[in-house]
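S.K.: I'd like to go over a predicted model; first the sequence, then the structure.
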Amino acid sequence: MNILIMTDIEGITGVDFWEQVHKHDWEGEELARERLMADTNAAVEGAFRAGADKVYVVDGHGGGSNFKKELLDPRATQISVLEYCDLYTREKIDACLEVGVHAKPGTLNAFLEHVQSSANWFSYKVNGKDYGEIAQGALYAGAFDVPLVMVSGDRATCNEAKETIGENVAVALVKEGIDWKHAESIDFKEAEKRICDAVEDGIRRRDEIKPLKVSLPITIDVTFLRADICDEFHKKYPNLERIDSRTLRRVSNEIKDYRDILLY
């Protein structure tokens, strides 16, 4: 049984301040990276407890330079974001999960809610429905009949996972969002236990969790924060359809690559 773990950093235990994600050479960033490894290792442990033969992990935040590789559980196989993009076409994956993710734009009491770029993107829709990054991973996996079985993050993130995937998806609530820039994490060891238990539970119940699918072709609409931002992106990607002053559209006829569910 092969398991894929995608990680982000906004929903990691101990990442409670905006500066830990957006400022460099600050002591809070080092804690964020250490906690990223702790939460990831807890998920790896849960996967092996559930009977995994191979566990792939992806450093999915930003450019993928957040892992402290020396702290990664040696049983896990780290792959790059580029390798992840075609993993489902190269190898059979039985279940995927997302550790340390965040809620979609517009979610109340959600820590660092956004999709792709908090500086540029206002909303992301697929076939007219508002989605976030949880759905993106689930839709890509679902195109290959792979279920997203577990999510960890703040309360808003866990609620979104249930709403997007269904009530059967396993979640690990590791902190409470206070406002966009602040959160409050639970005890670190308790968080690791919750993650490990939720991963094991989700994988064992993977047959009860339906892959997330959409009808093809899919229409992807991204609304930008301002019209001038939209102007610049349209100049760069003139093949996209301009819907209004702030919205660009792309139609994908298939989902064979992760980029097929993105705007460009």
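M.R.: Okay, I see it.
S.K.: count of residues packed around the closest residue to S118 other than its chain neighbours?
M.R.: Spatially, and ignoring its direct neighbours in sequence, S118 is nearest to L112 (7.1 Å; Cβ to Cβ, 6 or more residues apart in numbering). (Glycine included, C-beta is placed from N, CA and C.) L112 has 25 neighbours, counted by other Cβ atoms under 10 Å.
S.K.: and L139, by the same measure?
M.R.: Neighbours around L139, by other Cβ under 10 Å: 22.
S.K.: would you confirm that it contacts D260?
M.R.: No - using Cβ atoms under 8 Å as the test, L139 is too far from D260 to be in contact (9.4 Å).
S.K.: got any ranges where this protein has weak pLDDT?
M.R.: Along the chain, the model assigns pLDDT under 70 to residues 25.
S.K.: in it, which helix is the longest?
M.R.: In the chain, with assignment by DSSP state H, the single longest helix is helix 27-49.
S.K.: how about it: buried residues?
M.R.: 28-29, 31-33, 35-48 (16 or more other Cβ atoms under 10 Å).
S.K.: helices or strands up against that helix?
M.R.: Using 3 or more Cβ pairs under 8 Å, 6 or more residues apart in numbering; DSSP states H and E, the elements in contact with helix 27-49 are strand 2-7, helix 19-22, strand 54-59, strand 76-79, strand 95-99, strand 148-154, helix 188-204.
S.K.: enumerate the positions of the longest strand seen in the chain that are buried.
M.R.: Among the segments of the chain that qualify as a strand by DSSP state E, the longest is strand 170-179. Across strand 170-179, burial judged by 16+ other Cβ under 10 Å covers 170-177.
S.K.: one more: stretch 255-264?
M.R.: Within stretch 255-264, the residues scored as buried using 16+ other Cβ under 10 Å are 255, 258, 260-261, 263.
S.K.: same question, stretch 211-231
M.R.: Buried residues in stretch 211-231 (16+ other Cβ under 10 Å): 211-212, 214, 218, 220-225, 229-230.
S.K.: could you dump the buried residues of strand 170-179 into CSV and include distance to R75?
M.R.: Below are these laid out as CSV (distance: Cβ to Cβ, whole Å):
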residue, distance to R75
A170, 21
V171, 24
A172, 20
L173, 26
V174, 22
K175, 27
E176, 31
G177, 32
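S.K.: what's the most distant pair in those?
M.R.: The largest separation in the buried residues of strand 170-179, counting by Cβ to Cβ, is between A170 and G177 at 20.0 Å.
S.K.: touching stretch 217-237 from outside, list them.
M.R.: 119-128, 240, 242-243, 245-255, 261-264 (Cβ atoms under 8 Å, 6 or more residues apart in numbering).
S.K.: how about I79, nearest residue that isn't a chain neighbour?
M.R.: The spatial neighbour of I79 that comes closest, neighbours along the chain excluded (Cβ to Cβ, 6+ apart), is Y56 at 5.3 Å.
S.K.: kindly report the same for A103.
M.R.: A110 (3.7 Å).
S.K.: and if you look at C85?
M.R.: Y258 (4.5 Å).
S.K.: doesn't L263 make contact with S252?
M.R.: No - using Cβ under 8 Å, S252 is not in contact with L263; the gap is 10.0 Å.
S.K.: relative to I165, which of the buried residues of stretch 211-231 is nearest.
M.R.: L212 (6.0 Å).
S.K.: quick one, what contacts that closest one?
M.R.: Listed by Cβ under 8 Å, 6+ apart, the contact set of L212 reads 135, 138-139, 141-142, 147-148, 164-165.
S.K.: from the residues you listed, which ones fall inside helices?
M.R.: Secondary structure defined by DSSP H assigns 135, 138-139, 141-142, 164-165 of the contacts of L212 to helices.
S.K.: N168: what's it in contact with?
M.R.: Counting by Cβ under 8 Å, 6+ apart, N168 touches 205, 208-209.
S.K.: sec struct for it, please.
M.R.: Local secondary structure at N168 is given as coil here, using DSSP: H, G, I helix; E, B strand; the rest coil.
S.K.: for E91, see how far away it is.
M.R.: For N168, the distance to E91 (Cβ to Cβ, to the nearest Å) stands at 25 Å.
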